[in-house]
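Student: Could you look at this predicted model? Sequence included:
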Amino acid sequence: PDSARARAEALRAELLHHNYRYYVLDDPEIPDDAYDRLLRELQALEAEYPELVGPDSPTQRVGAEPLAAFAEVEHRLPMLSLDNAKSAEELAAFTVRVGRALGREAVDFVAEPKLDGLAINLTYEDGVLSRAATRGDGRRGEDVTAQVRTVRSVPLRLRGADWPRLLEVRGEIVLPTAGFARLNARMRESGQRTFANPRNAAAGSLRQLDPAVTATRPLAFVCYGFGAVEGGPACATQYEMLQALRDWGLPLSPQLERVRGLDGCDAYQRRIGALREQLPYDIDGVVFKVDALADQQALGFVARAPRWAIAFKYPAQEALTR
Ligand SMILES: NC(=O)n1nc(-c2ccco2)nc1N
């Protein structure tokens, strides 16, 4: 059934594109019912010709039967933890230390909000999502592939071209504040325990053995880095690498910026601190990373935290009665 195969491939490509428009760009091109009609046509084709079903098919978001437990997986490269700066003085000390170690005055940093969710590692092989794992202890985490496949802003297949044959993407799964309130209301109605905060709700939703339950939770994904990379374009800076991830269809923080020196970092942390309540999800600070990858290599790490990055933390938000 070559015509069926061709039709299924065309539908898959079209549905992946519309999923990207809606869930990653938040800018759909077609109405929901048109999307559902395409999805139902593909589901019917795949039911008639099961050999057409691939792991990147949008019909395979809510996948297999739940496993009895989570498998453990080892990250190809450890997932780092971040050193904290809790004051403008400590942030200044970080930028001075970095400038001195690099023998340079104004160092460029990549700056972004520090999302307060669950850190995960996505593995794309030949452009197709092959595995997702929690951070765990930094070296080993839990295999949550089936659960992460239900998160619509995680692409099942990379867009664009010349992506690396192996690409590990690091990011945060969050439960946006609006969805968190709706979820707790649903939990109360069904007599279940509510979640204390969106971070616990995201972790609880991902660490559900049954992916069908995860699929009912309004989770979002924002990527902020990469792990093992084999092949693909050579990038000299963190910012270039993040733009490449964006081109391949991965969602980045809208507040991602490049800033210069202490003044740039300080202005950024003030700006995001003023925006904090308006952001759609919880953040517990901002993160600054030295932009040039050669500088990151030169600075290396202390224990597990890199010398080339710092998290500037805000005071904990008053425990809002959500
Ligand atoms: N949570 C969060 O938003 N993070 N976490 C990192 C990170 C952790 C280790 C290296 O980078 N970066 C950002 N934006």
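Tutor: Cool, got the structure. Numbers count the residues shown, from 1 in each chain.
Student: Does Arg170 touch Tyr224 like I think?
Tutor: Yes: between Arg170 and Tyr224 there is a contact under CB atoms under 8 Å: 6.4 Å. Quick note: C-beta positions are derived from backbone N, CA and C, even for glycine.
Student: Can you pick out the residue with more neighbours from the two?
Tutor: Tyr224 (23 against 19; other CB atoms under 10 Å).
Student: Okay, buried residues for the strand or helix carrying the more buried one please.
Tutor: For Tyr224, the host element (DSSP states H and E) is strand 220-230. Using 16 or more other CB atoms under 10 Å as the test for burial, strand 220-230 gives Ala220, Phe221, Val222, Cys223, Tyr224, Gly225, Phe226, Gly227, Val229.
Student: now check that strand, is it near the ligand?
Tutor: Yes: using CB under 6 Å from any ligand atom, strand 220-230 reaches the ligand at Tyr224, Gly225.
Student: and that strand, what other elements does it pack with?
Tutor: Other elements packing on strand 220-230 under the criterion 3 or more CB pairs under 8 Å, 6 or more residues apart in numbering; DSSP states H and E are strand 108-115, strand 118-125, strand 166-174, helix 238-247.
Student: Which one of those lies nearest to Phe312?
Tutor: strand 108-115 (7.9 Å; CB to CB).
Student: And Val73, which helix or strand is it part of?
Tutor: Here Val73 is assigned to strand 72-74, by DSSP H and E.
Student: Which residues outside the very next helix or strand once past that strand are in contact with it?
Tutor: Of the helices and strands lying after strand 72-74 in sequence (DSSP H and E), the nearest is strand 84-85. Outside strand 84-85, the residues within contact range by CB atoms under 8 Å, 6 or more residues apart in numbering are Glu90, Leu91, Ala93, Phe94, Gly285, Ile310, Ala311, Phe312, Lys313.
Student: Pull out the buried residues from those.
Tutor: Among the contacts of strand 84-85, those classed as buried by neighbour count (16+ other CB under 10 Å) are Leu91, Phe94, Gly285, Ile310, Ala311, Phe312, Lys313.
Student: Next, Ala47: secondary structure please.
Tutor: Going by DSSP: H, G, I helix; E, B strand; the rest coil, the secondary structure assigned to Ala47 is helix.
Student: Where does the closest residue to Ala215 other than its chain neighbours fall, secondary structure wise?
Tutor: Residue nearest to Ala215 in three dimensions, not counting chain neighbours: Thr150, with 3.9 Å by CB to CB, 6 or more residues apart in numbering. Applying DSSP H and E as the criterion places Thr150 outside every helix and strand.
Student: If you count neighbours, what's buried in the helix or strand harbouring Ile272?
Tutor: In the assignment (DSSP H and E), Ile272 maps to helix 261-275. By neighbour count on 16+ other CB under 10 Å, the buried set for helix 261-275 is Gly261, Leu262, Gly264, Cys265, Asp266, Tyr268, Gln269, Ile272.
Student: wait, what's in contact with the second one?
Tutor: What it means is Leu262. When contacts are counted by CB under 8 Å, 6+ apart, Leu262 touches Leu91, Ala92, Thr95, Val96.
Student: pLDDT and distance to the ligand added to those residues, as TSV?
Tutor: Shown next, in TSV, are these (pLDDT from 0 to 100; distance: CB to the nearest ligand atom, whole Å):
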residue	pLDDT	distance to the ligand
Leu91	97	15
Ala92	97	20
Thr95	96	17
Val96	96	21
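Student: how about CSV for those residues, with distance to Asp33 added?
Tutor: Below are the contacts of Leu262 laid out as CSV (distance: CB to CB, whole Å):
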residue, distance to Asp33
Leu91, 50
Ala92, 54
Thr95, 52
Val96, 57
